[in-house]
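S.K.: Coordinates for the following, if possible.
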Amino acid sequence: MEPTNFVWCKGGPYALCYYSGPSTGSEDLSCTLTPDGRYANCNCFEVPWGAYFVDINAILNYKVYKATVKTCGADGSGCSGAANVNKAPVCQAINQKKLIPGADLISTFSLDCVPSNGLGLTNCGQAPYAGCMTAPCKKTGAKGIVQCSCPVYDGLYQVGTTLDDPATECTLGGDLVWSAAFNPDGATTPPLTACIPDAPGANGCPLFNDTMTVPAGTDCKAICDAYSCKGKGGIESAYTCDATLCTGQCNDRNLTSVACSGLTSCPAKGILAIAKLEAAVGCSCCASQLCGCAPNDKTNTAIFDLNARQRTVGITPQCDVNDTLCGKKGAAPMTTSSMTTASEARAVSVPSQRSNGAPILLHPESL
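M.R.: Reported below is the predicted structural model:
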């Protein structure tokens, strides 16, 4: 119930179930009860990389919960705020796919879809709902959508949207339930009192500008080493990720997925140094500019191509905002085998079939 309960993390991939529940809408984000009613299979957004938050009270692995409380305190206050990003052991467990054995990714909370889907809150009466925080998720084969096995609770709850008619819309009918949470004080999202590095939209910190300076003690060597980390085709993933991440929206998750895919194999020390620098300065996707790191030719070509693809789906890339990470036109842009086409980025498909209703089995340490 404390604002500090949300510990700050950065990495990915992770799932966002905040908007899940109904089967209507442009994408199927339904939460369907299993036959025994103990779980709900929720279709959720897949987010490839970024800033995310974990409620310390809802860590579904007891060993990791105990380690996180030991580091952060029972209320999470020791790991709250951008300066403490990835300090909580649960962040590492999620980023390394060790929180729940067998899960492809984990459900958390993030602001990645706020620019298009918004934030809301409606208090609902007692009924079953899916509590998806740190639930295990599986890839479905559909681009941008995963399915999470969320424990079901029965009680008062809040949904993350402003319903026009709560009396009729709080319950979805049939075997559908909302992905929701409950706080007696009403707030079920992290307090947005300060900007969040690398988050898109109004809640994110500003992009680089020439008034920003590097704080004393910044390890720019480690930061530039992380930026020079090469992924598929010799492309440096930290640059391509920055070029899309902080201006991205829900309709380019597939694009961001390819742009950020190589980051998981980059030096952890440098990735953390990037996060610390951006937190100290209060900026987004700005570390390479602050430290003077420069991409190679293949990366510049990829950045140029990514910027063009963002414009195709109606997004203004960072290059058009502050004239950074513009790249250079090359003879051979990234191919469709390693980069989502613009039409794919616009059309995020949904699963054609649901699972057989069986929840993902949890490791005994998670129970």
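
S.K.: residues of stretch 157-168 that come out buried?
M.R.: 157-161, 163 (16 or more other Cβ atoms under 10 Å). Any C-beta I mention is one placed from the backbone N, CA and C, and that applies to glycine too.

S.K.: Below-threshold pLDDT in this structure: ranges please.
M.R.: Counting by pLDDT under 70, the ranges of the chain that qualify are 331-367.

S.K.: What is the helix or strand hosting residue 168 packed up against?
M.R.: If you go by DSSP states H and E, residue 168 is part of helix 166-169. With contacts taken as 3 or more Cβ pairs under 8 Å, 6 or more residues apart in numbering; DSSP states H and E, helix 166-169 sits against strand 122-130.

S.K.: what packs against the strand it packs on?
M.R.: Right, strand 122-130 is packed against strand 39-47, strand 145-159, helix 166-169, strand 180-181 by 3+ Cβ pairs under 8 Å, 6+ apart.

S.K.: try 10 Å
M.R.: Judged by 3 or more Cβ pairs under 10 Å, 6 or more residues apart in numbering; DSSP states H and E, strand 122-130 is in contact with strand 31-33, strand 39-47, strand 145-159, helix 166-169, strand 180-181.

S.K.: Residues in contact with the helix holding residue 168: which ones?
M.R.: 21-22, 122-125, 159, 161, 163, 178 (Cβ atoms under 10 Å, 6 or more residues apart in numbering).

S.K.: what about 8 Å?
M.R.: By Cβ atoms under 8 Å, 6 or more residues apart in numbering, the residues outside helix 166-169 that reach it are 122-124, 163.

S.K.: Quick one: distance of that helix to the chain centre.
M.R.: Remark: helix 166-169 is offset 29 Å from the chain centroid, using Cα atoms, centre = their mean, to the nearest Å.

S.K.: Only C-alpha atoms, please: export that helix in PDB.
M.R.: C-alpha atoms of helix 166-169 as PDB (Å, rounded to 0.1, in the frame of the first residue of the first chain):
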ATOM      1  CA  PRO A 166     -19.000   0.200 -13.700                       C
ATOM      2  CA  ALA A 167     -22.200  -1.500 -12.700                       C
ATOM      3  CA  THR A 168     -22.300  -3.500 -15.900                       C
ATOM      4  CA  GLU A 169     -18.700  -3.300 -17.200                       C
END
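
S.K.: Throw the helices and strands packed on strand 122-130 into TSV and include distance to residue 250, thanks.
M.R.: As requested, the helices and strands packed on strand 122-130 are exported to TSV (distance: least, Cβ to Cβ, whole Å):
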stretch	distance to residue 250
strand 31-33	18
strand 39-47	7
strand 145-159	11
helix 166-169	22
strand 180-181	20
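
S.K.: Of all these, which one comes closest to residue 217?
M.R.: strand 39-47 (31.1 Å; Cβ to Cβ).

S.K.: strands paired with that closest one, and their directions?
M.R.: Applying DSSP bridges, strand 39-47 is found paired with strand 14-16 (antiparallel), strand 31-33 (antiparallel), strand 145-159 (antiparallel).

S.K.: end-to-end on stretch 25-38?
M.R.: Terminal residues of stretch 25-38 are spaced 26 Å apart (Cα to Cα, to the nearest Å).

S.K.: what sits against residue 294?
M.R.: Neighbouring residues of residue 294 by Cβ under 8 Å, 6+ apart: residue 288.

S.K.: same thing with residue 257?
M.R.: The contact partners of residue 257, by Cβ under 8 Å, 6+ apart, come to 13, 46, 48, 144, 340.

S.K.: before we move on, what about residue 13?
M.R.: So residue 13 contacts 46-49, 105, 257 (Cβ under 8 Å, 6+ apart).

S.K.: Which member of these is positioned nearest residue 326?
M.R.: Ranked by distance to residue 326 (Cβ to Cβ), the contacts of residue 13 are led by residue 49 at 20.9 Å.

S.K.: one step back: save the strands paired with strand 39-47 as JSON lines, and put in distance to residue 318 too.
M.R.: Formatted as JSON lines, the strands paired with strand 39-47 follow (distance: least, Cβ to Cβ, whole Å):
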{"stretch": "strand 14-16", "distance to residue 318": "22"}
{"stretch": "strand 31-33", "distance to residue 318": "35"}
{"stretch": "strand 145-159", "distance to residue 318": "26"}
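
S.K.: Comparing those strands, which comes out most buried?
M.R.: Mean neighbour count (mean count of other Cβ atoms under 10 Å) peaks for strand 14-16 among the strands paired with strand 39-47, with a mean of 29.

S.K.: Show residues contacting it.
M.R.: For strand 14-16, contacts defined as Cβ under 8 Å, 6+ apart pick out 44-47, 52, 94, 105-110, 112-113, 132, 135, 137, 146, 148.

S.K.: And stretch 177-194, what's buried?
M.R.: For stretch 177-194, burial by neighbour count (16+ other Cβ under 10 Å) applies to 177-181, 183, 188-190.

S.K.: same check, this time on stretch 223-235
M.R.: Within stretch 223-235, the residues that count as buried by 16+ other Cβ under 10 Å are 223-229, 231, 233, 235.

S.K.: for residue 278, helix, strand, or coil?
M.R.: Classification of residue 278 using DSSP: H, G, I helix; E, B strand; the rest coil returns helix.

S.K.: any idea how far residue 238 is from it?
M.R.: 12 Å (Cβ to Cβ, to the nearest Å).

S.K.: So for those two, which sits in the more crowded spot?
M.R.: Set residue 278 next to residue 238 and count neighbours by other Cβ atoms under 10 Å: residue 238 wins out with 30 against 26.

S.K.: Verify the stated contact: that one with residue 229.
M.R.: Yes - judged on Cβ atoms under 8 Å, residue 238 makes contact with residue 229 at a distance of 6.4 Å.
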